[in-house]
Every structure is written in C-alpha cells, then in structure tokens.
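**Q** Fold the following for me, if possible:
(chains A, B, C and D)
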2 protein chains.
Amino acid sequence: MTTTPRQTERLQDTASVVHAIREAIVAGEFNPGQRLIESELSQRFSASRGTVRQALALLGNEGLAVSEANRGARVRPVSKAEAIEITEVRAVLEGLCARRAAANASAAERKELRELGATMQAAVKRGDIMTYSQVSQDVHLRIRELSGQHTAADLLNRLRFRSVRYQFSVALLPGRPVVGLKEHLGVIKAVAAGQSDLAEHLMREHLESVVEAISQLPESLPALHG
Amino acid sequence: MTTTPRQTERLQDTASVVHAIREAIVAGEFNPGQRLIESELSQRFSASRGTVRQALALLGNEGLAVSEANRGARVRPVSKAEAIEITEVRAVLEGLCARRAAANASAAERKELRELGATMQAAVKRGDIMTYSQVSQDVHLRIRELSGQHTAADLLNRLRFRSVRYQFSVALLPGRPVVGLKEHLGVIKAVAAGQSDLAEHLMREHLESVVEAISQLPESLPALHG
DNA sequence: TACAGCGGAATTGCTAACGATTCTATTGTC
DNA sequence: GACAATAGAATCGTTAGCAATTCCGCTGTA
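**A** Residues are numbered from 1 along each chain as shown, chains lettered A, B, ... in the order given. Below is the predicted model of the structure:
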C-alpha cells in the first residue's frame, strides 16, 4: 500500500522478471512476509502470469520467496538465527575462497587488492560509511573471483541476497567500521602475501566476528519501507 | 533411444516432475549433454509442457541442467575439475556440520552414530561395498542433520546430486573402502566424543582425500546407460 | 567436391483461458 | 452475543495454443 506501484518498462523474459522481483525484495520494496500476488506482479512488470509464476518458483528455489500450495508466494522472512547460519556458511566458503585467492592471484591482482584496502581505510578515516561498506563488499567479491572456485563463488552470490538486510544493519553499528576495516586489511595482507593458511583463518575470523555483531542486533529489523 | 520410454504414472504437480527428472538424471538414464526436450518429457511424465518447463528451470537453478535461450535444456555435464570443486566445497561445509554435530548431539544420537560406524566396518570386512557405500552416505547425512545448521545442510543436499556419479566411481576404486572406512570412523569418534575442532578437521581431511581420489579418476566417466 | 542460400520441420517462449482451491464476509442458529 | 454454515470473490494450478526462433536437409553454384 505504501510502495509506489510505478509502471516499469516491459520485461519480456523470465530472467528479467526474476531479476526485477529480486531487486524489489532486496531493496525492501516488498517487506518480509508480504504476499506476492501473481496478478499484481504480472501487471506491474507487464509480463504474463505464467512468466511471473515461473519467476516466483525460481526465487523460491533461491530462498528469497516461499510458496505454499494453493496459497501463493510470500517474501521469505529471514530470522536472526538464519542470518547467523548464513554468515557461518559464508565464513567457511569465503575462507576457502581466500585460501585459493592467496594461492592463485597474480602480482597485478595482489596490487589491486591492496589498493582496495587503501580506499577502505581512507573512507573510514573520513567517516564515509557508505563508501566503506561498498568497497568492503567489493573486496569480498574480488577475492571470490580470484579464488577460481566457481562453485563456492556461485553459492556465495546466491546467499548474499538472503542476508543483505542484516549485513546492512551490522555496518551501521557504532564502532563496527573500525573493527571491520582492521579485519579486512588483515585478510588483504595475507592474500596479497600468498599466505593461504593465514588468509583462510583471518577470513573465517572476520565473518565469525560478523556473526557476533548480528547476534547483538535486535530480533526483528525495522522495515525499510512503510 | 536406448532408454526405456515406459509410461510413468501421472504426475500432476511441478515438484513431482522435478523429482522424476532429477532421479532420471542422477540414475544416468539421461546422459550428460543429452537434450531434454520439453514435449518428450511432457509425454513421458504425463504433465503439461508448462509444468515440464518450470521443472527444467528449477533443475537449471539447481545445477543439474543448463538451458540456452531458444535452444532448450540439456543435462549439465560435470567435468572432473568441477567435481573436485564441489568436493572442496563439501569439505568446508561438512566440516562446519561436523563441528556443530559434535557440539549438539545427544547421548542417544552419539550412540546411533557409533552403531552406523560398526555397520560400516562389518560391511567392509565382508567386502560388501554397496552396503558400505550406502551407510557412509547415511553417516554424512546424519551428521548434517545433527548439526542443526539448516542452511549448510540444504546446500549440501543440493550439491550431492551434481557429483553422485563421481562419488560412485570413487567408491569403486580398489582399496578405497578401507581408506574411507578409517576416515569415517575417525570422524564418528570425534563427533561422538564432542570434540568440535577435531571433528571439523577430520571431516575436512576425509573429503580432501576424496578430492585426491577423484583427481586420479580418468577425465571422462563411462556412461551408465547406452 | 565444398559450401553458401533457403525452406520446411522441430522446438522453444510466452500468453490467454478454464477449472480447482482458498479466503472472506454475510447470514442464520443457538 | 458467539459461533457454525454458506455463498461469492480472490487467487492459484494446469492446460492448450500461437508466434518466434533454431535446426536440418536440400538445392544450386563455383
């Protein structure tokens, strides 16, 4: 009711509809637990109900929506406990990626990582949390890419959407950027130095510290819209 | 052409069709790279093309099929390199599960695990590889369940289908059951003793030894059918 | 013989429509 | 006034059908 039902441009294929609905969920335009009615989405995205239906099934598979038989689909609410589980999984998977990245990265790529570190450090120094948050995401992404572990990278890309809201809240916690920055710089240093064991260890520790931060969050997050 | 196109009982809902196609792929009834033609599957499973279409999309999402635009779906071939990647991911995820299982399991559950270990041991002793293979799968599954880490357990359940063929080939390698048994017993002992760190470590080592075994397999596996 | 051009068959992507199920608000009964 | 029964609206699950794209074998030319 509070969301703006602006008419989006015509999206023909299923993939586009999946993308559009996912973006809307991640952006908080559809709140957790909110019903996703096929006919409404069909109108909003100017696609047929069949296409929307298929898109919802895919999003269900991805963990962003749930659907009960004959009762339609809803935005899947992610509890704090589940956000912690997701972050624990990220810890071991990103640990694996950090290990591989440390082993694989070229000289140019190591340099690039160090530069991302410097950018983050500068952002925190001047209190620019949004830039810090963005660049730290980039660091994680880049390490995944450098790992060459496509299977792990793919799983991580999917998990990301489920926990974005908690990620965001953590980044806003007072004092968190300073702690996070320190951890990130440690990871970068180890990866850039080719220290596989250390890189994995520090990446795991970093995400376990995020687990700690999440567990200090309130049980339910504030709605982004409405 | 060589596969038996027997008429299966009517499958109404999408989930059943997904299950049926998945089983057929895993059983090797559809070979890697083979085209999955919507109309054929529609006939075979007595479901509408729309339902089959949705099922194929879900299987694509799961990594068992690939589909190119306007060119339909095919059984996704899994290279040896990818099987290794999958097993590396399993190593860290199952390591996490073993850690949690060691921390969580009740007395009855610890006993149950030890009994599974004894069953495995007896099977290997009498050279019953099929039973050993089955029970060892059960051990992995049970540890996942005991972990309480639903997110990791879910990802592992999905990954399983992608690498079954390689898993199977590894189990048939000469001398492999003896090695695998030893590793499994070690994991069980650590989990049953509540030694989290050790349980995770041994589970990772176990699956890294599977990685080694896979890398000694020939590049392409023999077809199971036709 | 090798190969580009072409036309029909096969197959996919999408949409509209129908029947089945679930939800909701009203009515009737105790 | 509380609560079960019921009718109508809303929504879902499935199927059939049409347009667009790709595949495949044929023909003609160098």
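
**Q** drop to CA atoms for contacts and neighbour counts, all remaining ones
**A** OK.

**Q** Where does the residue of chain A positioned farthest from its centre sit: helix, strand or coil?
**A** Relative to the centre of chain A, the most outlying C-alpha is that of residue A:70, 30.6 Å out, by C-alpha atoms, centre = their mean. Residue A:70 carries the three-state label coil when classified by DSSP: H, G, I helix; E, B strand; the rest coil.

**Q** quick one: it and residue B:171, what's the gap?
**A** 43 Å (C-alpha to C-alpha, to the nearest Å).

**Q** Show me which residues of chain A sit near DNA strand C.
**A** A:12, A:13, A:14, A:46, A:47, A:48, A:49, A:50, A:51, A:69, A:70, A:71 (C-alpha under 7 Å from any atom of the strand).

**Q** so which of those residues comes closest to residue A:186?
**A** residue A:14 (41.8 Å; C-alpha to C-alpha).

**Q** partner residues bridging residue A:72?
**A** residue A:68 (DSSP bridges).

**Q** what sits against residue A:194?
**A** A:101, A:102, A:103, A:105 (C-alpha atoms under 8 Å, 6 or more residues apart in numbering or on different chains).

**Q** same question, residue A:37
**A** With C-alpha under 8 Å, 6+ apart, residue A:37 has these contacts: A:72, A:73.

**Q** And it, what's its pLDDT?
**A** On pLDDT, residue A:37 comes in at 94.

**Q** Please report the distance of it from DNA strand D.
**A** For residue A:37, the distance to DNA strand D equals 4 Å [C-alpha to the nearest atom of the strand, to the nearest Å].

**Q** what does residue A:131 give?
**A** Counting by C-alpha to the nearest atom of the strand, the gap from residue A:131 to DNA strand D is 39 Å.

**Q** Isn't that residue up against residue A:120?
**A** Yes - taking contacts as C-alpha atoms under 8 Å, residue A:131 lies within contact range of residue A:120: 7.4 Å.

**Q** out of those two, which sits in the more crowded spot?
**A** A direct count of neighbours by other C-alpha atoms under 10 Å in any protein chain shown for residue A:131 and residue A:120 places residue A:120 higher, at 24 against 15.

**Q** Near residue A:105, how many residues? Count them for me, please.
**A** Count around residue A:105 with other C-alpha under 10 Å applied: 21.

**Q** my bad, residue A:137
**A** Residue A:137: 12 surrounding residues under other C-alpha under 10 Å.

**Q** Would it be right to say that it lies in a helix?
**A** Yes - counting by three-state DSSP, residue A:137 falls inside a helix.

**Q** Retrieve the pLDDT associated with the residue nearest to residue A:103 when sequence neighbours are not counted.
**A** Nearest residue to residue A:103 in three dimensions, chain neighbours excluded: residue A:194, at 5.6 Å (C-alpha to C-alpha, 6 or more residues apart in numbering or on different chains). According to the prediction, residue A:194 has pLDDT 98.

**Q** now residue A:194: how far from residue A:106?
**A** Counting by C-alpha to C-alpha - residue A:194 and residue A:106 are separated by 10 Å.

**Q** Can you classify the residue most central in space within chain A as helix, strand or coil?
**A** Centroid-nearest residue in chain A, with C-alpha atoms, centre = their mean: residue A:160, separated by 2.7 Å. Classification of residue A:160 using three-state DSSP returns helix.

**Q** Check residue A:47 too.
**A** Applying three-state DSSP: residue A:47 is coil.

**Q** Contact residues of chain A facing chain B?
**A** A:54, A:57-58, A:61, A:82, A:85-86, A:89, A:92-93, A:96, A:149-152 (C-alpha under 8 Å from any C-alpha of the partner chain).

**Q** Just flag the most distant two among those residues.
**A** A:54 and A:96, at 33.4 Å, using C-alpha to C-alpha across the residues of chain A next to chain B.

**Q** After the top helix by length along chain A, which helix or strand is next?
**A** Secondary structure of chain A per DSSP state H: the longest helix is helix A:80-104. Sequence order places helix A:107-125 as the next helix or strand after helix A:80-104, per DSSP states H and E.

**Q** ok so, going back, look at residue A:54 and residue A:96 and report which has more neighbours.
**A** residue A:96 (27 against 22).

**Q** pLDDT score for the residue in chain A positioned nearest to DNA strand C?
**A** Ranking the residues of chain A by distance to DNA strand C (C-alpha to the nearest atom of the strand) places residue A:13 first, at 2.6 Å. For residue A:13, the model assigns a pLDDT of 74.

**Q** Which residue is the nearest non-sequential neighbour of it?
**A** residue A:51 (7.5 Å).

**Q** residues touching that neighbour, list them.
**A** A:13, A:14, A:17.

**Q** Quick one: the residues you listed as CSV, columns for secondary structure too.
**A** Formatted as CSV, the contacts of residue A:51 follow (three-state DSSP):
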residue, secondary structure
A:13, coil
A:14, helix
A:17, helix
